[in-house]
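*Asks:* Need coordinates for the following:
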Amino acid sequence: MKGLDAVQRLEWLASIARDSTAPGSAIRVAIVLAKRQNKTTGRLDPSISTIASEASLSRRSVHTGLRWLEQAGFIDVSLSPGGGRQATNSFALKNPEPVQPTAPLKPVQPTAPVQICVATRADLGTLPVQPAAPKQGIEPGKNQEERTREANAQYLADTEDPPPTKGVNAGPGGKRGKRATPAPDHLPLTETLTAWGRDNAPGIDLASETERFLDHHRAKGSTFRDWTAAWRNWMRKAVEYQQPQRQAASGEHADPYELIDHREVVAR
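*Replies:* Sure thing, here's the model as predicted:
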């Protein structure tokens, strides 16, 4: 059998070196075998001792390398009859059989494209829009300020003082601090407010003075936490402003010296 030429032996050694599972002893044994093969006849029968000497390996390591080369398909080993330390074997270098390629994978058939419906503005304009249901207790068509004023008016009509509450924002006496609100559209003169006006603001037209009170604070943009208390203070001021006007009209507190001077001027 004809042996491998120099180029083929180099390729054979390269194939062994590329194998990540090849032990170092197998590579060293392969180098000795490639060097000793007769390229004409292919004869290759060095002894284990010769291979161990030239590869700088122990006999046990030579056997390990030969076993791996044979199992990997890089050599064929023919055992000589007999035995002993000087027994020889016959080796034949060969390339391992190439791995048969597997069948190519079948291409995956693409699935049907997903239909995506995109609505345009024109389409949206034709869709019926359901109006949102108004929240319970809120009349539709009114803004926040109008609802706040109506709530203030209703609160003033029900009671003058807020009921005591308890919580993290509760003040002295357990009353929670209220948020300041703008002037209500209408401040009803309840029986309680009317009775208070008769006792504390006699001679004051409560209805007209209440309108002045609301117009004044709307123009200024005033906010109060208790509009009932603000109304009572306004009525007390109205009484104070009315007294000087009545005294000036009746002359109750006219300066007597001014009267004397006036008589003297007339007498002259």
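
*Asks:* all contacts plus neighbour counts: C-alpha atoms, from now on.
*Replies:* Will do.

*Asks:* Got the domain ranges for the chain?
*Replies:* The chain breaks down into these domains under automatic domain parsing: 6-93, 144-160+180-256.

*Asks:* Output the ones you listed in a markdown table, with distance to Gln109 and mean neighbour count appended to each entry.
*Replies:* A markdown table is the format used below for the domains of the chain (distance: least, Cα to Cα, whole Å; neighbours: other Cα atoms under 10 Å):
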| stretch | distance to Gln109 | mean neighbour count |
| --- | --- | --- |
| domain 6-93 | 38 | 16 |
| domain 144-160+180-256 | 61 | 14 |
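
*Asks:* among these, which is nearest Thr111?
*Replies:* Within these, the stretch nearest Thr111 is domain 6-93; the backing value is 41.8 Å (Cα to Cα).

*Asks:* Now do the end-to-end distance for that closest one.
*Replies:* Across domain 6-93, the terminal residues are separated by 12 Å (Cα to Cα, to the nearest Å).

*Asks:* mean confidence score for it?
*Replies:* On average, the pLDDT along domain 6-93 is 87.

*Asks:* now the helices for the stretch 151-268 of the chain?
*Replies:* Applying DSSP state H, counting those that start in this stretch to the stretch 151-268 of the chain gives helices spanning 191-200, 206-220, 227-250, 256-267.

*Asks:* Now tabulate these in JSON lines and tack on mean pLDDT.
*Replies:* Formatted as JSON lines, the helices of the stretch 151-268 of the chain follow (pLDDT from 0 to 100):
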{"stretch": "helix 191-200", "mean pLDDT": "92"}
{"stretch": "helix 206-220", "mean pLDDT": "92"}
{"stretch": "helix 227-250", "mean pLDDT": "83"}
{"stretch": "helix 256-267", "mean pLDDT": "42"}
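
*Asks:* Can you tell me how far Leu10 is from Arg43?
*Replies:* Taken as Cα to Cα, the span from Leu10 to Arg43 is 18 Å.

*Asks:* Could I get the full set of strands for this protein?
*Replies:* Applying DSSP state E to the chain gives strands spanning 75-79, 89-93, 181-182, 223-224.

*Asks:* Contacts for the third one next, please.
*Replies:* It refers to strand 181-182. 148-149, 218, 221-225 (Cα atoms under 8 Å, 6 or more residues apart in numbering).

*Asks:* Report the contact partners of Ala30.
*Replies:* Taking Cα under 8 Å, 6+ apart as the test, what Ala30 contacts is 13, 69.

*Asks:* How much space separates it from Phe74?
*Replies:* Distance, Ala30 to Phe74, by Cα to Cα: 9 Å.

*Asks:* can you check Ser49 too?
*Replies:* From Ser49 across to Phe74, the span is 21 Å (Cα to Cα).

*Asks:* can you check Pro46 too?
*Replies:* Pro46 is 17 Å from Phe74, by Cα to Cα.

*Asks:* Which strand residues bridge the closest residue to Glu70 other than its chain neighbours?
*Replies:* In this structure, Glu70 finds its nearest non-sequential neighbour in Asp76, 6.1 Å apart by Cα to Cα, 6 or more residues apart in numbering. Beta-bridge pairing for Asp76 (DSSP bridges): Ala92.
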